[in-house]
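Build the 3D model from these lines:
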Amino acid sequence: MIGKVLAERYEIEEKIAEGGMARVYRGRDILLKRTIAIKVLKDQMTGDAAFIRRFEREAQSAAGLSHPHIVSIYDVGNEDGTYYMIMEYIDGQNLKEYIREKGRLPALEAVKISRQVAEALQQAHEFGIVHRDIKPQNILFTRDSQVKVTDFGIAIAGDGATVTIGNEIIGSVQYFSPEQARGELAGKQSDIYSLGIILYEMLTGKVPYSGESPVAVAMKHLQEQIVPPRRLVSSIPESLEQVIMRAVEKDSANRYSNIAEFLEDLKSIESSRTPRKSVKKMSYYENKSEDEDYVLRPFTGSYKEKQDKVVRKRSKKWIAILLFLLTLTGAMLLGYNYISGYLFLPEVAVPPVYDLTQGDASRVLREEGLIPHDQIEYIYDDQVQVGNVVRTEPPEGRLVKKNREIALFVSKGPEILLSPNLIGRTEMEARIILRDLGLYLTEPIREFNEEVEKGLIFRQVPGSSLSVVAGDEITVYVSDGRGPFKIDDLVGFSEEGAIQYLEEKDLKPIIRKRFSIGSVGHVIEQDPPRGEEVVPGQFVQIWIGE
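As a prediction, the model looks like this:
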């Protein structure tokens, strides 16, 4: 597909993502000279009318939405059996990647991200569109840190249509609502539940439910109570925990009745973390007590006494003004010295410390006049030795002021996983399971297998429950059913016996009649003849005497 031009306008440049039913490429709009994202339906899906209808519905649903927090759809089309969608290109990481980098997010940042997602969902829900697959991988960041919700791939309109593959609802089971886990129709409150799970993950660094298989995780959504997030991170505000617990109620009747209510609570929490300044203009008399007497009384002293009082009053006034000006000048000088000392510090480039030990990296930073941050972030990495630096924040080469604190991200080695058991699964099911674990499926090897139903996996490498690393590839062997075999001699079989034999061998009989003496009702000829190789599904002609 790389280099192909669709509609004589959209050039495909590079594959950037792959989902259950489509691949996403970075491309170029030749006419408008802008970078775009091109979503292309996979070849194995184009023969399925249901998938094509789903792909077209995604385009129609998403194209009708116009919101700053929703990825825009520019065009949709079909060229020589290639179904594609032209979308806004977001050159940034997704929320899942961001959480993995940070470990967990500060409460205010998590609320801000959730608020932007909720605003996008509010727009979709007002149009009668339910996303049905809200997960961190579908929440993207632009270069200016704005949130964009993408992939309305299993969105449904208000007509209640449901889309499944292999009798399993598409989506990431870690963020499923209980009703989705039961196989029921997902509504607008399912999106609220999924967003509540994401907010939980942002604040704690982990999803509330995990297990060895998607089925096990789905059962936990149905049966197990969620652990309140403040038990994991005590610094989470109590009000924010209450919002999460209401959003992830198992009974949808106990959740927020709509996304607008959820959004209102998020905004309240976000604004409460920002001090409000109330400025009120007060008259002079508002500073007095209500009982104070403002009636002017006649002056009863001598003229000289009166003049002395006026002079003393004026002197005190000027002394007070002079003291105020001196204090203000001193404060301005101190402020100028502080600000100039910060603003006019020389800039230095963050030095390369990749793959250095933590101690060596700290020493290099100090030699450049930078300060290693006290809190070290430990992250998974399969390239860098345990204990060595993976990256810094700000990144290597960035110009910063001297004395700037630099965060170090240190490797804790590759993330070790156990390979799942894929035996008996379809290729599509295997891809979904592996994708959720951060693993990849190679191109399946297809072999004949008489004992395993066609389309099911009968072998995998590495085998199940073996240690693998995130990003590893799993190879599977998929049954192509029974292979070629030699057909028996059917001459002399009764018509019923011959048909039964052919059906048991997964062959398709074609019955013909011919006059015969002494073989009425029995096979007198067959094609292919005895001993010739046939394959399951092949047509076999038999002539019956009459």
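
What count of nearby residues applies to the closest residue to Asp527 other than its chain neighbours?
In space, and not counting its chain neighbours, Asp527 is closest to Gln541: 4.5 Å by C-beta to C-beta, 6 or more residues apart in numbering. The C-beta positions use only the backbone N, C-alpha and C, and glycine is treated the same way. Close neighbours of Gln541, defined as other C-beta atoms under 10 Å, add up to 12.

Reduced to three states, what does Gln541 come out as?
strand (DSSP: H, G, I helix; E, B strand; the rest coil).

wouldn't it be in contact with Arg512 here?
Yes - under the criterion of C-beta atoms under 8 Å, Gln541 makes contact with Arg512 at 6.1 Å.

The spatially most central residue of the chain and Glu415: what is the separation?
By C-alpha atoms, centre = their mean, the chain has its centre lying nearest to Gln137, at 1.7 Å. Separation of Gln137 from Glu415 (C-beta to C-beta, to the nearest Å): 17 Å.

returning to that earlier point: and the residue nearest to Asp527, how far from Leu502?
Distance from Gln541 to Leu502, by C-beta to C-beta: 10 Å.

joint contacts of the two?
Common contact partners of Gln541 and Leu502 (C-beta atoms under 8 Å, 6 or more residues apart in numbering): Pro509.

what's the neighbour count on Ile511?
Ile511 has 12 neighbouring residues, counting by other C-beta under 10 Å.

And for the one 4 residues further on?
Residues lying near Phe515 (other C-beta under 10 Å) number 8.

phi, psi of it?
phi -60, psi 130 (degrees, to the nearest 10).

how about the strands in the stretch 251-400 of the chain?
For the stretch 251-400 of the chain, applying DSSP state E, counting those that start in this stretch gives strands covering 347-349, 371-372, 377-379, 389-393, 399-401.

buried ones in the first one?
In this case it means strand 347-349. For strand 347-349, the neighbour count (16 or more other C-beta atoms under 10 Å) marks Val348 as buried.

Also the third one?
Counting neighbours by 16+ other C-beta under 10 Å, one finds that the buried residues in strand 377-379 are Glu377, Ile379.

Contacts for it, please.
For strand 377-379, using C-beta under 8 Å, 6+ apart, the contacting residues are Arg100, Glu101, Lys102, Gly103, Val390, Ala407, Leu408, Phe409, Val410, Ser411, Lys412.

Domain-wise, how is this structure divided?
5-88, 95-158+166-272, 347-411, 416-479, 485-545 (automatic domain parsing).

quick one: the helices in the chain?
49-63, 95-102, 107-126, 178-181, 188-204, 214-223, 229-232, 238-247, 259-272, 303-343, 358-367, 427-437, 495-504 (DSSP state H).

I'd like to check what contacts stretch 207-221. Which residues are they?
The set of residues external to stretch 207-221 that reach it, using C-beta under 8 Å, 6+ apart, is 168, 173-178, 181, 197, 200-201, 224, 226-227, 248, 250, 418, 420-421, 432-433, 436.

and that stretch, how far out from the chain's middle?
17 Å (C-alpha atoms, centre = their mean, to the nearest Å).

now swap in stretch 88-101 and tell me
With C-alpha atoms, centre = their mean, you get 8 Å for stretch 88-101.

avg pLDDT for it?
Across stretch 88-101, the average pLDDT comes to 92.

If Ile416 is in a bridge, with which residues?
On the basis of DSSP bridges, Ile416 is bridged to Val469.

and it, what does it touch?
Applying C-beta under 8 Å, 6+ apart, one finds that Ile416 lies in contact with Ser467, Val468, Val469.

Check Gly103 too.
Gly205, Glu377, Ile379.

which regions of this protein lie under the pLDDT threshold?
Applying pLDDT under 70 to the chain flags the ranges 20-21, 44-51, 54-55, 57-62, 152-171, 273-315, 335-345.
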